[in-house]
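S.K.: after the sequence you'll find the predicted model.
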Amino acid sequence: MARRRHLTPEEADLWRSVASTARPMHAAPRLLPEPAEPPPAPEPLQHARPCLSPFALGEKTRLPERRDLAPTLPQLLAPLQMDARTHGRMTRGKLAPEARIDLHGLTLSEAHPELIRFILNAQSQGMRLVLVITGKGKQREDLGPIPQRTGALRHQVPHWLRLPPLGPAVLQVSEAHLKHGGSGAYYVYLRRRG
């Protein structure tokens, strides 16, 4: 429903002058409300304070804080769930992966079904340690003054390995040793089929 518009003081004066010349049809005349006082004048606008920190002329520029919304790899990887001695040998590159998949260069929608197929097939064949290569991501200069790496697969693969259908098959996920790809690859230690 539309809001009812009230008469301005000028319109109310005009109506009173017209109404005084008219002859009423009914016995009780209709009264208009008395004109209200005009609203107070709004306060003058003030300039907004800039959200920049103060600086002095000639001062070197300060680098902005780096805000990486993606969680860091230690946050993504689960706490140790396997034998500590075997885990130590694995992270030092002493254990050789029994199979590997290279997802480097694939899109997220292409890589996810490939990873599922690979992990479940490896577990069904009795493999324990496999290598998943994601790549490190590209160095991007256009994201600000601090060069940043983009690596959607690198951040997404640990999530996929925790969720069904891969979560029940995976015992441990760790960043690979340098000789197996370093931060561009993951060791995936699989559970025994039970």
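M.R.: Arrived safely, thanks for sending.
S.K.: Leu108 and Tyr187, how far apart?
M.R.: Applying Cβ to Cβ, to the nearest Å, the value for Leu108 to Tyr187 is 21 Å. Every C-beta, even on glycine, is put in place using the N, C-alpha and C of the backbone.
S.K.: with neighbour numbers in mind, choose between these two.
M.R.: Tyr187 (22 against 12; other Cβ atoms under 10 Å).
S.K.: ok, that one touching Leu131?
M.R.: Yes. Counting by Cβ atoms under 8 Å, Tyr187 does reach Leu131; the two are 6.3 Å apart.
S.K.: got any residues that touch both of the two?
M.R.: 97, 176, 180 (Cβ atoms under 8 Å, 6 or more residues apart in numbering).
S.K.: make CSV out of the residues you listed and add distance to Leu14, neighbour count and secondary structure.
M.R.: Shown next, in CSV, are the shared contacts of Tyr187 and Leu131 (distance: Cβ to Cβ, whole Å; neighbours: other Cβ atoms under 10 Å; DSSP: H, G, I helix; E, B strand; the rest coil):
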residue, distance to Leu14, neighbour count, secondary structure
Pro97, 91, 22, coil
Ala176, 86, 23, coil
His180, 89, 19, helix
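S.K.: format the residues you listed as a markdown table; extra columns: pLDDT and distance to Leu57.
M.R.: Shown next, in a markdown table, are the shared contacts of Tyr187 and Leu131 (pLDDT from 0 to 100; distance: Cβ to Cβ, whole Å):
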| residue | pLDDT | distance to Leu57 |
| --- | --- | --- |
| Pro97 | 95 | 58 |
| Ala176 | 92 | 50 |
| His180 | 92 | 52 |
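S.K.: ok, the residues you listed vs Cys51, which is closest?
M.R.: For these, the residue nearest Cys51 by Cβ to Cβ is Ala176; the value is 42.6 Å.
S.K.: that closest one and Thr91, how far apart?
M.R.: 8 Å.
S.K.: which neighbours do those two share?
M.R.: With Cβ under 8 Å, 6+ apart as the test, Ala176 and Thr91 both reach Tyr187.
S.K.: give me the secondary structure label for the nearest residue to Tyr187 once chain neighbours are set aside.
M.R.: Excluding its sequence neighbours, the residue lying closest to Tyr187 (Cβ to Cβ, 6 or more residues apart in numbering) is Ser174, at 4.8 Å. Of the three states, Ser174 takes strand according to DSSP: H, G, I helix; E, B strand; the rest coil.
S.K.: touching, Ser174 and Arg89? I think so.
M.R.: No. At 11.3 Å, Ser174 and Arg89 do not qualify as touching, with contact defined as Cβ under 8 Å.
S.K.: neighbour count for these two, which is higher?
M.R.: The neighbour comparison of Ser174 against Arg89 (other Cβ under 10 Å) goes to Ser174, with 18 against 12.
S.K.: list the buried residues in stretch 180-194.
M.R.: 180-181, 183-190 (16 or more other Cβ atoms under 10 Å).
S.K.: per-residue pLDDT, the residue nearest to Arg100 when sequence neighbours are not counted?
M.R.: Closest residue in space to Arg100, ignoring its immediate chain neighbours: Leu131 at 4.0 Å, by Cβ to Cβ, 6+ apart. pLDDT for Leu131: 96.
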